[in-house]
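Visitor: show me how the following folds:
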Amino acid sequence: MYSHNLIDPRLFDEENILLAEDSENDVLIMCNALERAGVPNPLQVVTDGEEAVAYLAGHGKYSDRVVYRLPVVLFLDLNMPRQGGLEVLRWLRQQSALKRMSVHILSASIRETDVSNAAELGANSYIIKPSKFSDLVAMLKAWHTLTQFQAQMLPGEPNRCCLST
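Guide: Numbers count the residues shown, from 1 in each chain. Coordinates of the predicted model:
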């Protein structure tokens, strides 16, 4: 990313989005929803927590930062094989170069402990996966618009909230 953690809003749409999701169906739905919402950012997908950490750390096949650029945002599923989303989030927030990265938990879980744990570990938001495709599209469109404006602000501590649709 950038050493000063500030993204030029004119370049925001060129920054990668990383989706950590183990369900092929959910990946396809998310890809279609991002397209329908008009989110032009390139999308990279990893299918488990260990692969997410490898991508973010630049290990193995992800060492080529021209191909696998650091993402501007991470959409992170909670329940993934090999390493869960909360473990990935805990690791990420301990990395000095990555700790300010925007991380949004995207989960079907409505358990209070999951929401609380995600907030305590520094998730920027906890988004309950909408059951209707049109709601997911609307949510992503709103997220993209808001994030473009936030890219103009100097970063501070991550904003934390819980969104549900």
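
Visitor: which neighbouring elements make contact with the helix ranked longest in the chain?
Guide: Across the chain, the helix with the greatest residue count (assigned by DSSP state H) is helix 133-150. Of the remaining helices and strands, those touching helix 133-150 by 3 or more C-beta pairs under 8 Å, 6 or more residues apart in numbering; DSSP states H and E are helix 24-36. C-beta here means a position set from N, CA and C on the backbone, and glycine is covered the same way.

Visitor: which elements pack onto the helix it packs on?
Guide: Using 3+ C-beta pairs under 8 Å, 6+ apart, helix 24-36 sits against strand 16-20, strand 43-46, helix 133-150.

Visitor: okay, those in CSV with mean pLDDT, mean neighbour count and distance to residue 78 next?
Guide: Below are the helices and strands packed on helix 24-36 laid out as CSV (pLDDT from 0 to 100; neighbours: other C-beta atoms under 10 Å; distance: least, C-beta to C-beta, whole Å):
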stretch, mean pLDDT, mean neighbour count, distance to residue 78
strand 16-20, 93, 22, 10
strand 43-46, 95, 19, 14
helix 133-150, 84, 16, 17
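
Visitor: low pLDDT regions in this protein?
Guide: 1-11, 148-165 (pLDDT under 70).

Visitor: centroid residue for it?
Guide: residue 74 (1.8 Å; C-alpha atoms, centre = their mean).

Visitor: what residues are bridge-paired with that one?
Guide: Residue 74 has these beta-bridge partners by DSSP bridges: residue 18, residue 103.

Visitor: so it makes contact with residue 21?
Guide: No: using C-beta atoms under 8 Å as the test, residue 74 is too far from residue 21 to be in contact (10.8 Å).

Visitor: quick one, what contacts the residue of the chain positioned farthest from its centre?
Guide: For the chain, the residue at maximal distance from the C-alpha centroid (C-alpha atoms, centre = their mean) is residue 60, at 21.0 Å. Taking C-beta atoms under 8 Å, 6 or more residues apart in numbering, we find residue 60 in contact with residue 54.

Visitor: how close does residue 88 get to residue 95?
Guide: 11 Å (C-beta to C-beta, to the nearest Å).

Visitor: neighbour-wise, which of those two wins?
Guide: Comparing residue 88 with residue 95 by other C-beta atoms under 10 Å, the one with more neighbours is residue 88, at 26 against 13.

Visitor: output the contacting helices and strands for the helix or strand harbouring that one.
Guide: Following DSSP states H and E, one finds residue 88 within helix 85-93. Counting contacts by 3+ C-beta pairs under 8 Å, 6+ apart, helix 85-93 is packed against helix 49-57, strand 71-76, strand 102-107, helix 112-120.
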